[in-house]
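Visitor: here are the coordinates; sequence isn't available:
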Ligand code: HEM
């Protein structure tokens with residue numbers, strides 16, 4: 001009797017569940033059809049079945065990422081679609097429905113022409129514990145306000161920046177001299193260089209991470225509050241942020257004691273400088289030698305949290321990206337002695353082999369081959385290789401639907417769109433048969449210069465990178481100074497090509513750049 005009752009209840013439960021599931025799917029299907037009709041969208045030309053809930057593709061993507069092959073993996077996914085000539089597909093990743101695109105038309109819509117249809121989704125939640133409310137984490141009015149407040153800082157900064165780099169370059173030189181004639185990893189030094197110059201620019205005092213005992217600095221000299229820890233703790237906290245963004249809605253799982261300790265150290269360090277800037281009298285601020293971001297910002301706001309958050313947002317946006325760019329440039333220059341010779345000739349013809357004063361923002365812009373090398377490096381190895389937005393409302397993207405992929409596709413409110421700029425940059429449609437070769441002279445060809453949205457290392461539209469000129473000037477300065485000093489570069493024999501890439505929030509070389517510099 002009891003058995004029968006239990007069986008009947010179970011049967012009811014199973015039947016009800018099946019009916020509800022079918023109802024849910026049918027409802028979703030009908031609503032999707034309704035939205036497609038309303039918004040003029042067609043079914044996706046390419047859709048990828050990636051195992052139950054997209055776990056198979058997710059696991060493969062993680063494996064490729066750990067092996068330093070995330071870029072190649074993404075690229076292969078586009079090529080292996082039923083219609084590889086259509087540059088957009090839909091897929092699932094760990095249960096989340098995604099639209100993925102490398103189509104410049106769709107990227108333009110996402111970032112510019114349909115800017116208000118898309119936002120940053122959960123980015124604020126991922127990054128809030130470390131970065132708070134700043135230009136990089138906010139959407140809507142908060143972002144607009146941040147952008148308006150910070151924009152003037154970058155216009156003014158562009159001119160003054162170069163002179164401030166030389167002292168840091170001198171320390172970098174000491175490390176290279178120490179290693180001269182042998183192979184060593186320059187990438188690690190570029191990361192230290194960019195955190196040193198960025199902290200000086202932001203706080204008025206550098207963390208001096210390059211100034212270690214191996215190049216003659218005493219440990220006493222290095223001792224000021226939080227300095228020793230700052231770069232390491234900031235790096236570690238960034239790793240946690242990257243994992244939180246990978247986990248999407250489950251981001252809150254990453255919030256352990258280590259993460260919180262890193263955040264505390266970074267905040268204490270930056271608060272020290274915020275306090276200094278707030279305590280400074282207007283006369284002291286005016287007397288400040290060189291440009292200091294915080295001292296300029298206190299003229300606009302005296303809120304310590306805003307000052308801290310915006311400084312750390314800039315540090316995150318600007319530091320690893322520039323170090324990655326420099327690392328890839330030197331990786332390619334060391335592989336290509338002819339290119340290094342040409343670059344060197346150009347630098348020496350403009351500035352001689354020791355002149356520093358003439359290396360200014362304006363003069364660096366006149367070095368055409370240098371600009372081509374930077375562009376080519378940002379094309380093949382963009383510091384931000386993939387990025388994403390989330391739909392704020394039911395909307396469409398202009399391409400990827402219908403039998404030929406030329407019709408709009410539906411993006412439902414809350415749906416994620418990933419845009420893989422690295423794959424756009426490597427596509428033969430835009431860059432020809434040698435798209436996967438490092439060839440700076442392509443930037444002298446008129447059709448490549450006109451590519452518009454197919455070359456997008458600094459993003460486009462209203463959220464275009466604020467630090468583009470800053471980054472290009474800093475990278476150009478370091479390249480020019482090294483070109484003045486070293487005639488020959490080489491890579492350690494046996495170094496893998498194409499190199500393995502480490503892709504977290506930004507991209508660098510997984511195994512560093514094992515390089516030798518010779519006079
Ligand atoms: C090679 C170096 C760099 C590259 C490739 C690069 C690239 C980018 C990209 C792709 C974005 C868009 C991110 C997004 O919206 O999701 C961005 C935003 C931003 N970048 Fe850069 N960046 C570089 C260096 C810098 C530097 C040196 C600074 C500052 C000193 C900086 C400041 C910013 C800021 C503030 C934003 C946010 C803009 C906004 O949302 O309105 N960047 N950058």
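Guide: On my side now, so go ahead. The shown structure was predicted, so the numbers you read here are calculated from the model rather than taken from an experiment.
Visitor: How about residue 448, nearest residue that isn't a chain neighbour?
Guide: residue 442 (5.0 Å; Cβ to Cβ, 6 or more residues apart in numbering). C-beta here means a position set from N, CA and C on the backbone, and glycine is covered the same way.
Visitor: contacting residues for residue 374?
Guide: 325, 329, 472, 475, 476, 479 (Cβ atoms under 8 Å, 6 or more residues apart in numbering).
Visitor: Show the pLDDT at the fifth one.
Guide: The predicted local distance difference test score for residue 476 is 96.
Visitor: Around the ligand, pick out the residues from this protein.
Guide: Residues of the chain that fall close to the ligand, judged by Cβ under 6 Å from any ligand atom: 135-136, 147, 314, 317-318, 321-322, 325, 383-384, 387, 457-459, 463, 465-467, 470-471.
Visitor: which of those count as buried?
Guide: 135-136, 314, 317-318, 321-322, 325, 383-384, 387, 457-459, 463, 465-467, 470-471 (16 or more other Cβ atoms under 10 Å).
Visitor: mind listing which of those residues are in strands?
Guide: When these are checked against strands (DSSP state E), the matches are residue 387.
Visitor: Just want the residue of the chain that's nearest the ligand.
Guide: Of all residues in the chain, residue 467 sits closest to the ligand, at 2.0 Å by Cβ to the nearest ligand atom.
Visitor: can you tell me how far residue 79 sits from residue 209?
Guide: Here the criterion is Cβ to Cβ, to the nearest Å. By it, residue 79 lies 41 Å from residue 209.
Visitor: Is it possible to get TSV of the contacts of residue 374 that adds distance to residue 296?
Guide: Below are these laid out as TSV (distance: Cβ to Cβ, whole Å):
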residue	distance to residue 296
325	25
329	30
472	21
475	23
476	24
479	28
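Visitor: just the buried members of those?
Guide: 325, 329, 472, 475, 476, 479.
Visitor: The fifth one is in contact with residue 364, isn't it?
Guide: Spelled out, it's residue 476. Yes. With contact defined as Cβ atoms under 8 Å, residue 476 counts as touching residue 364 (4.3 Å).
Visitor: Please name the residues that touch the most centrally placed residue in the chain.
Guide: Taking Cα atoms, centre = their mean, the centroid of the chain lies closest to residue 384, which sits 3.1 Å from it. Residues near residue 384 by Cβ under 8 Å, 6+ apart: 321, 421, 457, 459, 505, 506, 507.
Visitor: of the contacts of residue 374, closest to residue 191?
Guide: Nearest to residue 191 out of the contacts of residue 374 is residue 325 (Cβ to Cβ; 11.7 Å).
Visitor: can you pull the contacts of that closest one?
Guide: Counting by Cβ under 8 Å, 6+ apart, residue 325 has contacts 374, 377, 378, 381, 383, 471, 475.
Visitor: got those residues as TSV, with secondary structure columns?
Guide: Listed next are the contacts of residue 325 as TSV, based on DSSP: H, G, I helix; E, B strand; the rest coil:
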residue	secondary structure
374	helix
377	helix
378	helix
381	coil
383	coil
471	helix
475	helix
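Visitor: Residue 33: which of the residues you listed is nearest?
Guide: residue 383 (40.9 Å).
Visitor: Quick one, grab the pLDDT at the residue nearest to that closest one when sequence neighbours are not counted.
Guide: Sequence neighbours aside, residue 321 is the residue nearest to residue 383 in space, at 3.8 Å (criterion: Cβ to Cβ, 6+ apart). At residue 321, the model reports a pLDDT of 94.
Visitor: for the one 4 residues further on, same thing?
Guide: In this prediction, residue 325 carries a pLDDT score of 98.
Visitor: returning to that earlier point: next, give phi and psi for the residue of the chain closest to the ligand.
Guide: Backbone torsions of residue 467, given as degrees, to the nearest 10, read phi -100, psi 20.
Visitor: For it, give me its contacts.
Guide: 154, 314, 317, 318.
Visitor: Could you save those residues as CSV and add columns showing pLDDT and distance to residue 512?
Guide: Output for these, formatted as CSV (pLDDT from 0 to 100; distance: Cβ to Cβ, whole Å):
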residue, pLDDT, distance to residue 512
154, 82, 30
314, 89, 26
317, 86, 23
318, 85, 21
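Visitor: now for those, which pair is the farthest apart?
Guide: Among the contacts of residue 467, 154 and 317 lie farthest apart (Cβ to Cβ), at 11.3 Å.
Visitor: Overlap in contacts, the two.
Guide: With Cβ under 8 Å, 6+ apart as the test, residue 154 and residue 317 both reach 466, 467.
Visitor: For residue 79 and residue 209, indicate the residue with more neighbours.
Guide: Comparing residue 79 with residue 209 by other Cβ atoms under 10 Å, the one with more neighbours is residue 209, at 22 against 9.
Visitor: quick one, phi/psi of the more buried one?
Guide: Torsion angles, degrees, to the nearest 10, at residue 209: phi -70, psi -20.
Visitor: what's the answer for residue 396, then?
Guide: Dihedral angles (degrees, to the nearest 10) for residue 396: phi -130, psi 160.
Visitor: Looking at the residue lying closest to it once chain neighbours are set aside now. What's its pLDDT?
Guide: Nearest residue to residue 396, sequence neighbours excluded (Cβ to Cβ, 6+ apart): residue 408, at 4.0 Å. Model confidence at residue 408, given as pLDDT, is 98.
Visitor: Does residue 68 lie in a helix or a strand, and which?
Guide: Using DSSP states H and E, residue 68 maps to neither a helix nor a strand.
Visitor: for the buried ones among the contacts of residue 374, which one is nearest residue 245?
Guide: Closest to residue 245, out of all of the buried ones among the contacts of residue 374 and judged by Cβ to Cβ, is residue 325, at 21.6 Å.
Visitor: Identify the residue nearest residue 204 in space, chain neighbours excluded?
Guide: residue 292 (3.9 Å).
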